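> Below are the sequence and a predicted model; questions follow.
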Amino acid sequence: MFQRLNGEELALLRESVASLLSGGGSVDEAQAMGLMSFCRSADDAGLTAAVTVAEEAGRSASRLAVHVAVAANLAQLWQVGGKTVRGEGRVAFAQAQFGGERGGHAVVSDGRLTGRLRFVDGLPADRLMVATAQGFALVATAAPGLSQTATPGLGGDPLHDLSVADVPCEALILPEGGRDDVMLVLRLLLAARARGAVERAFALAVDHVKMRCQFGQPLGRFQAMQHKLADCHLLLAASGEMARTAVDAFDLGTPDWRHFALAAAAFDGAALRRAMFEVQHGFGAIGYAEEHEVARHFRRVHADLARMGGTRSARRALAGMLAERGGRLPALTLGADAEAYRADVRAWLDAAMTEDLRQAEAAKPFSSRGWNPEFAAAMGAAGLIGIAWPKAAGGGARSPLEQLAYVEEFTRADAPMTSQSAASWIAGPEIIRHGSDRLRAELLPAILRGEASVCLGYSEPEAGSDLAALRTRAVRQGDHYRISGQKLWGTGTDKATHVLLAARTGGEDKPRHKGISLFVVPLASPGITIVPEMALYGHSFSTQYYDDVVVPADCRLGEENGGWAILGGALASERILMGGTVSRLRFLFEAMFAEVAKDEMLATDAVLRDGLACFAAEIEAARQLSLRAVRMLERGGVPLVEGAMAKLFTGDLGERFTSFAMDALGSSATLGEESADVPLGGRIEQELRRAPMGVIGGGAAEVQKTIIAQRGLGLPR
């Protein structure tokens, strides 16, 4: 374990490093500041601090090789049975034949090193650290028999080729796996430097498109540019979250740090390259000039990500680790309170989800699964509905992280909770905040008992993602409203007791979004016609017709024409829940990995193994983005942009992963649940049909990108 700096300390470190490097500070000055001494002992700052410095080196296009220094520090710290050979001079690094690429070859015999070393990083230096079969060897770069040749290339600062002929060395013998751990840390720090370079180039691009005009308006106003930069912002956020998880786990001594580190490396190779290319496109010909700062960052990003065998090597290692774990992905620890609550929820589910109940659910057609009034009543009796509501409203007052643990456990158990999802997570909180006394008194207890269920009445023929264009109208007449209009795509409307309905109450004199009100309407009200249809994803959704439906005025939430703000809050909650569907993808991945492992031909297919590693990394990224949004809620924020990111990434991932699974398992994966010997009980084709809903439900992907660009990056509307 290493010392971990808190947020304020990391911010001060980042500011100091940025000041030093932007002022042209030398490597000697960085060393004097202690920036090369991380991870020397348990009393030193650990990898979290080192990553911060590496990112700043990337932003400043600095030659600072903190990655080499940390690798040397760890090798000397972890050595066994040898004397301390630590010095204060600069160290260079050579991967030799052990770094995942053609890095040369070196042999140690009788305390002497011989070989040819390629891609040597960190020169000029006083000592050279070379990977060996048992760990590392240290040699003096001034020793006779060692010659070096600079090899300029993409990265700007040259790497070197070294010829080593019978040079004395000090052996650093590491425990089994120690050498690979050191090199994995080095890979993380190279990726951090690349990420810093992309982040700096991205910030320049955002400023550029706000000011640069084409066709009479700023480039940043064009939707194509907004969506391009929103994609970059998303990739950088995912990369940063994955790195933070890996280095936190490393500093805490958590064994799963290796999985998180390899997943980050496997993700970064494609993600950061793509982001850098998109930034380059944003600058157009301006950024193509070598004199422009972004050209230096372009070089740095691609050079650093190619090191240590690049993405190919990381995915191969991750695939091997997954095979050892049986395809299981490590849990994400959400904190003591959330994990204690998780244990309670899991214990209840283990008892409530009896074998008889599981068989009864499995015997239902897929279209009917998930909606179980009896189970909802059991949830209510156990206090497992309205867990986020305040205690004064009868809820559990559970924190956002506890709520996430709850969702993950219900997903793991495949428990039938659909009937209560919208009521408990979306409608209930808005009724508590904005509902009338009668509405709260009558409906909240019924929801908590599992008796009342709610569907959403938002979308219309001309108002899908553009909800401000809705036409369903509610006209005030004394103490009631008369509602007329049509709603589409209502999931669960044919089974629910109430609908959370958006209707226009304002006149033409009001802007579209300022003339909307929200109502909680009993679906048994006269004048409502529900026409169920079968959706592609295997469940029913309904068209609803409202023909002069009389609704008491106290069914309205909040003030008249004030529904847009309430609707925005409800949509944010819905998007976070939809981002949480990554749990379902995780369990599907694990089930598919187990299915592949049973077939020798599939289990040894190199292309398939590589694909599984790629998706394991992306599922990890989706988990981190979802957790990022929840943590923002935990701090009291409103994760509108963060929720949009989680939804956008997870929706796209769902489509691509189920397509991959379908291709991997072939025709057998196309079989329905009623077919004999269908893999995973038919879940592959079911999830494939469900996947488009993750992209379009709750606001289409393009809408999410616009939110990210305009609300997150401040691009012009």
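The structure has been received and is ready for your questions.

> Break down the stretch 451-600 of the chain into its helices, ranges please.
Using DSSP state H, counting those that start in this stretch, the helices found in the stretch 451-600 of the chain span residues 563-579, 582-597, 600-603.

> centre of the chain versus the last one, how much separation?
In terms of C-alpha atoms, centre = their mean, to the nearest Å, the gap separating the centre of helix 600-603 from the centre of its chain is 30 Å.

> Repeat that for stretch 549-556.
The chain centroid and the centroid of stretch 549-556 are separated by 41 Å, computed with C-alpha atoms, centre = their mean.

> Using PDB, list the CA coordinates for that stretch.
Output of stretch 549-556 as PDB, limited to C-alpha atoms (Å, rounded to 0.1, in the frame of the first residue of the first chain):
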ATOM      1  CA  VAL A 549     -60.400  12.600 -19.800                       C
ATOM      2  CA  VAL A 550     -61.400  14.500 -16.600                       C
ATOM      3  CA  VAL A 551     -58.600  14.800 -14.100                       C
ATOM      4  CA  PRO A 552     -58.800  16.500 -10.700                       C
ATOM      5  CA  ALA A 553     -56.600  19.600 -10.600                       C
ATOM      6  CA  ASP A 554     -54.700  18.200  -7.600                       C
ATOM      7  CA  CYS A 555     -53.400  15.400  -9.800                       C
ATOM      8  CA  ARG A 556     -51.100  18.000 -11.300                       C
END
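
> buried sites along that stretch?
V549, V551, C555, R556 (16 or more other C-beta atoms under 10 Å). Yep, even glycine has a C-beta here, placed from its N, CA and C like the rest.

> got it, and stretch 497-509?
For stretch 497-509, a neighbour-count test (16+ other C-beta under 10 Å) marks T497, H498, V499, L500, L501, A502, A503, R504, T505, G506 as buried.

> need those in TSV with pLDDT and distance to A42, can you?
Listed next are the buried residues of stretch 497-509 as TSV, based on pLDDT from 0 to 100; distance: C-beta to C-beta, whole Å:
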residue	pLDDT	distance to A42
T497	96	59
H498	97	58
V499	97	59
L500	96	54
L501	96	60
A502	95	57
A503	96	62
R504	95	64
T505	94	64
G506	85	64
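
> for those, which one is nearest Q223?
For the buried residues of stretch 497-509, the closest approach to Q223 (C-beta to C-beta) belongs to A502, at 25.1 Å.

> Distance check, the closest residue to the closest one other than its chain neighbours against E618.
If you skip the residues right next to it in sequence, A502 has Y458 as its closest partner in space, 5.3 Å away by C-beta to C-beta, 6 or more residues apart in numbering. As defined by C-beta to C-beta, to the nearest Å, Y458 lies at a distance of 30 Å from E618.

> so which helix or strand takes in A71?
Here A71 sits within helix 66-78, counting by DSSP states H and E.

> these two touch, right, A388 and G394?
No: counting by C-beta atoms under 8 Å, A388 does not reach G394; the two are 11.8 Å apart.

> where in the stretch 201-350 of the chain is pLDDT low?
When residues are selected by pLDDT under 70, none of them lie in the stretch 201-350 of the chain.

> can you map out the strands along it?
Under the criterion DSSP state E, counting those that start in this stretch, strands of the stretch 201-350 of the chain are mapped to 213-214, 217-218.

> Please work out which of these is packed deepest.
Ranked by mean neighbour count under mean count of other C-beta atoms under 10 Å, the strands of the stretch 201-350 of the chain are led by strand 217-218, which reaches a mean of 14.

> got the contact list for it?
With contact meaning C-beta atoms under 8 Å, 6 or more residues apart in numbering, strand 217-218 is reached by V209, K210, M211, R212, P716.

> and those, which are buried?
Among the contacts of strand 217-218, those classed as buried by 16+ other C-beta under 10 Å are V209, R212.

> Which ones among the contacts of strand 217-218 map onto helices?
Among those, the ones falling in helices (DSSP state H) are V209, K210, M211.

> Just name the closest of those residues to G562, please.
Set against G562, the nearest of the ones in helices among the contacts of strand 217-218 by C-beta to C-beta is K210 (32.4 Å).

> ok, that closest one to M353 distance?
Remark: distance between K210 and M353 (C-beta to C-beta) = 53 Å.

> ditto for F250
Distance, F250 to M353, using C-beta to C-beta: 36 Å.

> of these two, who's got more company?
More neighbours surround F250 than the other of F250 and M353, with 27 against 17 (other C-beta atoms under 10 Å).

> show me where the stretch 251-400 of the chain has helices.
Using DSSP H, counting those that start in this stretch, the helices of the stretch 251-400 of the chain run over 257-283, 293-306, 310-324, 336-352, 355-363, 373-381, 400-412.

> Distance to D610 and mean neighbour count for those - can I get that in CSV?
Output for these, formatted as CSV (distance: least, C-beta to C-beta, whole Å; neighbours: other C-beta atoms under 10 Å):
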stretch, distance to D610, mean neighbour count
helix 257-283, 10, 24
helix 293-306, 17, 22
helix 310-324, 5, 19
helix 336-352, 33, 16
helix 355-363, 33, 12
helix 373-381, 41, 18
helix 400-412, 27, 22
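
> can you list those helices in CSV and add distance to K228?
Conversion of the helices of the stretch 251-400 of the chain to CSV gives the following (distance: least, C-beta to C-beta, whole Å):
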stretch, distance to K228
helix 257-283, 5
helix 293-306, 15
helix 310-324, 22
helix 336-352, 36
helix 355-363, 44
helix 373-381, 44
helix 400-412, 31
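
> For P429, find the nearest of the ones you listed.
Closest to P429 of these is helix 400-412 (C-beta to C-beta; 11.2 Å).

> any idea of the angle that closest one forms with helix 582-597?
40 degrees (axes from the mean of the first three to the mean of the last three C-alpha atoms, to 10 degrees).

> Can I get the very next helix or strand once past helix 400-412 in CSV, CA atoms only?
Sequence order places helix 418-422 as the next helix or strand after helix 400-412, per DSSP H and E. Provided in CSV are the C-alpha atoms of helix 418-422 (Å, rounded to 0.1, in the frame of the first residue of the first chain):
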residue,chain,number,x,y,z
THR,A,418,-40.4,-4.1,-13.6
SER,A,419,-43.8,-3.3,-12.1
GLN,A,420,-42.3,-1.0,-9.5
SER,A,421,-39.4,0.6,-11.4
ALA,A,422,-41.1,3.7,-12.8
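
> buried stuff in the next helix-or-strand element following helix 418-422?
As assigned by DSSP H and E, the chain's next helix or strand after helix 418-422 is helix 428-434. Across helix 428-434, burial judged by 16+ other C-beta under 10 Å covers G428, P429, E430, I431, I432, H434.

> mean confidence score for helix 428-434?
The average pLDDT for helix 428-434 rounds to 95.

> Repeat that for stretch 530-547.
The average pLDDT within stretch 530-547 is 88.

> so how far does it reach from one end to the other?
Start-to-end span of stretch 530-547 (C-alpha to C-alpha, to the nearest Å) is 11 Å.

> One more: stretch 520-531?
The first-to-last residue distance of stretch 520-531 comes to 20 Å (C-alpha to C-alpha).

> same check, this time on stretch 172-185
17 Å.

> mind starting the numbering at 166 from now?
Okay, using 166 as the starting number, the last item reads as stretch 337-350.

> where's that stretch relative to the chain centroid, distance-wise?
Distance, centroid of stretch 337-350 to centroid of chain: 29 Å (C-alpha atoms, centre = their mean).

> Show me the contact partners of it.
If you take C-beta under 8 Å, 6+ apart as the criterion, stretch 337-350 is touched by 204, 212, 235-236, 239-241, 243-247, 250, 260, 263-264, 294, 296-297, 299-303, 415, 423, 426-427, 430, 473.

> List the buried residues in it.
Using 16+ other C-beta under 10 Å as the burial criterion, the residues of stretch 337-350 that qualify are L337, I338, L339, G343, R344, D345, D346, V347, M348, L349, V350.
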